[in-house]
Each structure stands twice: as structure tokens, then as C-alpha cells.
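Q: Below are the sequence and a predicted model; questions follow.
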Amino acid sequence: MEKRNPLRVLAAVCLIATGVLLVGGIIVFGLDNETATKRDFLEYWSAEQQLAHGGNPYDARAILQTEEFAGFDKNTPLISLSPPVALFWALPLGWVSAKTGLTLWLLLLFACLLAAIWVLWLLLGKPESRYHLIGIFFPPAIWCLIAGQLGIFFLLETVLFLYWQRTRPFLAGAALGLLALKPHLFLPFILVLLLWSVYKREYRILAGLAATTAVSCLLTLTLDRQVWQQYAEMMRSNPSLDNLPLTVSVAVTFLVDRNAKWIEFLGEAGGCIWAIWYFLKRRERWDWMSEGLVVLLVSIACTPYSWYTDQAVVFPAVAVALEASKRPAWTLAPFAAIAGAGLIPIMADIPLTSGYYVWTAPAWLLWFLYAKRDRETA
């Protein structure tokens, strides 16, 4: 049995303890009823309040009344733009206060973050380097905890998919079920998964994904049979769709013609075409821990709409690149620069709607390609 370095073990314990204390401090000392109404979490809580009590989870007027009752002080409600495929799984939020719901939500997010980091450590072969523990302080993950956003859930699902895709393909597919909450983030990735399944004649992953999606849809429909119609109506009339966070696709649209919304989808269309070419060229030697992570990074970089918190899902690529680096200093330095720049908004209180974050998704992609090339040529 390999002997563990006690200093590395102590460092790992200290990192985890620091993370736990950080989150514990936020929950114990930083939350009150007013705080809960200033987090993006409020849109999920209000939707579940409506669903649990027989209302329309996408009704702007009813949502605003619910949020105002909790202490929300703005005229425009926070409405979830996610399709209703998984509303049922968060239904317990419909029977608790905003503060209690946020406390439980943050505890769940942090538990999922720790679980993702642990599974990633197993996936990497239990390395002594402990690079995976950087995930506790990964800027998009920290922002997830601050805002109460979904990125950490996507991170855990992706790690479970990577861990199970060879040994338990049905579970690997089932683990991806919540990606349907923001399908536009993962379209090239899902497209490649379809092509890979057909090429390998391995359909158990797709079966698991379809089963999870079908079950979650049916459970939601038992509570609100009109939920899909309500969602479609909200997407047609929601004014917040005109104020999306700045991504590369949105920035290009502003530069060309801000009224030509179709331009925002050109990047994702190009990403899908590239993903097909990339897979076909490498289908014989396809590895989800290498080529698959490149496609995931491209998916996040070319999406027409995303938040910085969604980039928590790219951490497996970060851990893989750091762990496999042949020249750690050359890989760590640019990573530290990108991550450090991502921490600045937390300290400076730059909102997630700021254009500051437009460069971050392409930066992770370029850094991973650099690290991958450096590893192959070193």
C-alpha cells in the first residue's frame, strides 16, 4: 500500500476545513430574510412556491407577489428561464420560507461541490497532488454559492458522467438529466454524445438520459398539466430576455446589430458544426476525459446565453490539465491568472450581469488547449 505524505494530507484537510468554515460562515452569519431576496435563488424558490400551491410557476404577476411577500423590493420579478423538466426535484422549496430555502439550497450546493471534488479525485486515480481541492475555491463555484445558482449541480452531473460512462453507462446518462435545465449550454456536447452512441452502438447512456428526463417531466406534469404551455408563453413575453448577460455571442450581436437576435445563435450553430467535424476526425480514439472535455469547453464558450456561475462545470477540465501537466509551472501560471481575475469581482462586488465576464469562457478553453498541447509535446 502506497504511503501517504502527511504534509499533503494536512494541507488537504486544511483546504477542506477552510471551505467548510467559509460556507458555514456565509450561512450562519450572512443570511437573513432580506438576503434571500437578493439572490438568484429567489427565482427557483418562487417557482416552487407556485407549483406546490397549484399556481403557474411562470406567471410574472403571481411570481412578483410571492417574491414581494418574501421581501423583494423591485418591480420586475425574478422568473426562472429553465424549462420545467426538473421542477419536481426542488419541490420542497415550495413549503419553506425564502431564508430556510436558501439555507437548505446552499448546504445542498456545497455538499454537491464536495461530492464532485471527491468523485473527480477518484476519476483521476487518487493522485497525491491534491489539485482537485482547488475546486473548493474555484471562482465560478464560489459565485454559485453566493448567488445560489445551478452551476455546481451541472459540475456534479458532468463528473458522475465521466466516472460512470465506461462501467455504468445507464447511470452515466441518468446523471446528465438536469442538463436539460439549460440545454443551450451543452448543445455541442450533447450532439457529440448522440454521435458517439450511434458510432459505438452504445445506447445505454442515452437510455439513462431519456429515462431521467421522462420521469422528471411526468412528475412535474402531475402537479401542473399546463406547465409547458405556461413556459412557452413566458418565453414569448418575458422582458428579461432582452437583458441577457454578456457572452461572446451577445457581444458580437451588439457590435453588428443588437436588434438581430438571430446573430446570437450563430456561435452555437458554428460550435455544433465544429463538434461534428471534431468527433468524426477523432472517433477511433475518442476519450471523454480529453476530447470530450474540449467539446464541453467549446459548448460553454459558444453558448448564446450563460452566467459566469455556469462555468463551474469546466472544473473537470481544469483538474485534468493540472494533474497531467508535464511542466506544472507553465500550466499553473496562466491558470492562476485566469482564476485570480475571476476572484476580483467577488472582492469588488461586480454583479454577474456585468460585461466583465465576457472573456472568461474563451479563456478557459484557450488555457485547456494550451495545457493539452504542452502535455503532448513535452
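A: Arrived safely. Numbering: from 1, shown residues only.

Q: all helices for the stretch 251-378 of the chain, in order.
A: Using DSSP state H, counting those that start in this stretch, the helices found in the stretch 251-378 of the chain span residues 266-282, 291-302, 315-324, 328-348, 360-377.

Q: so can I have a markdown table of those helices showing mean pLDDT, mean neighbour count and distance to residue 206?
A: Yep, even glycine has a C-beta here, placed from its N, CA and C like the rest. A markdown table is the format used below for those (pLDDT from 0 to 100; neighbours: other C-beta atoms under 10 Å; distance: least, C-beta to C-beta, whole Å):
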| stretch | mean pLDDT | mean neighbour count | distance to residue 206 |
| --- | --- | --- | --- |
| helix 266-282 | 94 | 16 | 15 |
| helix 291-302 | 95 | 24 | 15 |
| helix 315-324 | 91 | 23 | 21 |
| helix 328-348 | 86 | 14 | 34 |
| helix 360-377 | 84 | 18 | 26 |
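
Q: Let's have these in CSV, adding distance to residue 91.
A: Converted to CSV, the helices of the stretch 251-378 of the chain look like this (distance: least, C-beta to C-beta, whole Å):
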stretch, distance to residue 91
helix 266-282, 31
helix 291-302, 29
helix 315-324, 28
helix 328-348, 31
helix 360-377, 32
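
Q: got a list of what the residue positioned nearest the centre of the chain touches?
A: Geometric centre of the chain, nearest residue: residue 151, 2.6 Å, by C-alpha atoms, centre = their mean. Residues near residue 151 by C-beta atoms under 8 Å, 6 or more residues apart in numbering: 140-141, 143-144, 307, 309-313.

Q: out of everything not next to it in sequence, what's closest to it?
A: residue 312 (3.5 Å; C-beta to C-beta, 6 or more residues apart in numbering).

Q: cool, and residue 154?
A: Residue 154 sits nearest to residue 313 (C-beta to C-beta, 6+ apart), 4.3 Å away.

Q: what do you get for residue 319?
A: In space, and not counting its chain neighbours, residue 319 is closest to residue 132: 5.0 Å by C-beta to C-beta, 6+ apart.

Q: circling back: ok, the residue nearest to the centre of the chain to residue 189 distance?
A: Distance, residue 151 to residue 189, by C-beta to C-beta, to the nearest Å: 15 Å.

Q: The nearest residue to residue 85 once chain neighbours are set aside: how many residues sit nearby?
A: Computed as C-beta to C-beta, 6+ apart, the closest residue to residue 85 that is not its neighbour in sequence is residue 180, at 4.4 Å. Residue 180: 19 surrounding residues under other C-beta atoms under 10 Å.

Q: likewise residue 160?
A: Other residues near residue 160 come to 21 when the count uses other C-beta under 10 Å.

Q: What of residue 258?
A: Applying other C-beta under 10 Å, we find 12 other residues in the vicinity of residue 258.

Q: Now do it, the pLDDT please.
A: Looking at residue 258, its pLDDT is 70.
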